[in-house]
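1. Coordinates only, no sequence provided:
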């Protein structure tokens, strides 16, 4: 119940927060993985899980509010489709941290290269 409140509160904020809130649940991530292979009905999406159709439907609503999926109507069939645009924003946000860590490791490597000759000279003098 607490997670549902957090997701509802985050929907009023930025898209990145609602995307991360939706991705926080492993069932929702598995649903997105399935939808990356193509559109699917709610029944088809529910098949691999040991939870009820209403529970799957709640997960789909969270994903839909986060903009990660869209649901269509074709007669009795209600296909769900992946919308990957919000995941691009997540990727861009994570990319900035990847660059930060790579630059940090490069600086560490440079520093270690500078001090290694000094340490060898000290060791050789002993």
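-> Cool, the structure landed. Treat the numbers as computed from the prediction; the structure is a model and nothing was measured.

2. Okay, and residue 64 sits in which element?
-> Applying DSSP states H and E as the criterion places residue 64 in helix 53-65.

3. Quick check: mean pLDDT of that helix?
-> Mean pLDDT, helix 53-65: 95.

4. helices and strands around that helix, which ones?
-> helix 2-10, helix 15-23, helix 26-35, helix 42-46, strand 69-71 (3 or more Cβ pairs under 8 Å, 6 or more residues apart in numbering; DSSP states H and E). Any C-beta I mention is one placed from the backbone N, CA and C, and that applies to glycine too.

5. show me the contacts for the closest residue to residue 22 other than its chain neighbours.
-> Among residues not flanking residue 22 along the chain, residue 66 sits closest, at 3.8 Å (Cβ to Cβ, 6 or more residues apart in numbering). Shown in contact with residue 66 (Cβ atoms under 8 Å, 6 or more residues apart in numbering): 11, 15, 18, 19, 21, 22, 86.

6. how many other residues sit next to the residue lying closest to the last one once chain neighbours are set aside?
-> Counting by Cβ to Cβ, 6+ apart, the nearest residue to residue 86 once its immediate chain neighbours are dropped is residue 19, at 4.4 Å. As a burial measure, residue 19 scores 22 neighbours (other Cβ atoms under 10 Å).
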